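the sequence and its predicted three-dimensional model are supplied below.
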Amino acid sequence: MANLPPIEHKRGSSSTITVTLPVELDPVDATVFFTVKPAEVVEALYDHDSQAILKKIITTHTGRVFSAAIDPADTNNVTPGNYVYGVTIKDADGQILGTKTNGRFTIEPRDTADVDGD
């Protein structure tokens, strides 16, 4: 899998995650697991998904492009800063087809004129 591009997301906003499978991986019945964690957790020896600040299981795809929504509630209470995201792709039998864990995920602060007054 190619290097993961950096993602910037404004805290408490909506956006869409897209992951494109490489041509050597069959998208039929594949599942993409998208996970964002603090950098210090990823660098630790016992990195576990329970420490993720955001997790998405993505099965919706058009061709090789998988997509899922990040809803405002997904990041509403997350501290702005730099995180690391990873992508794991599994086939219908649960076999891991590919993993990449070096993506930079930045959560930016909300605008000062926040609509809910938080």
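Perfect, I can see it now.

remind me which helix or strand the residue nearest to the spatial centre of the chain belongs to.
Residue closest to the average C-alpha location in the chain (C-alpha atoms, centre = their mean): residue 34, at 3.8 Å. Per DSSP states H and E: residue 34 is located in strand 31-38.

what packs against that strand?
With contacts defined as 3 or more C-beta pairs under 8 Å, 6 or more residues apart in numbering; DSSP states H and E, strand 31-38 has these neighbours: strand 15-20, strand 54-58, strand 81-90. To be clear about C-beta, it is placed using only N, CA and C from the backbone, and glycine gets the same treatment.

what residues does residue 60 make contact with?
Residue 60 sits next to 66, 67, 68 when contact means C-beta atoms under 8 Å, 6 or more residues apart in numbering.

that one and residue 22, how far apart?
Plainly put, residue 60 is 18 Å away from residue 22 if you go by C-beta to C-beta, to the nearest Å.

quick check: PyMOL command selecting the buried ones in the contacts of residue 60.
Buried residues within the contacts of residue 60, by 16 or more other C-beta atoms under 10 Å, are selected in PyMOL with:
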select buried, resi 66+68
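
export the contacts of residue 60 to a markdown table and tack on distance to residue 104?
Converted to a markdown table, the contacts of residue 60 look like this (distance: C-beta to C-beta, whole Å):
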| residue | distance to residue 104 |
| --- | --- |
| 66 | 20 |
| 67 | 20 |
| 68 | 19 |
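
circling back to that earlier point, run through the bridge partners of the residue nearest to the centre of the chain.
Counting by DSSP bridges, residue 34 forms beta bridges with residue 56, residue 87.

give me the pLDDT for it.
pLDDT recorded at residue 34 is 94.

now do residue 73
So, for residue 73, pLDDT stands at 96.

about what we covered before: ranking the helices and strands packed on strand 31-38 by burial, who's on top?
Ranked by mean neighbour count under mean count of other C-beta atoms under 10 Å, the helices and strands packed on strand 31-38 are led by strand 81-90, which reaches a mean of 19.
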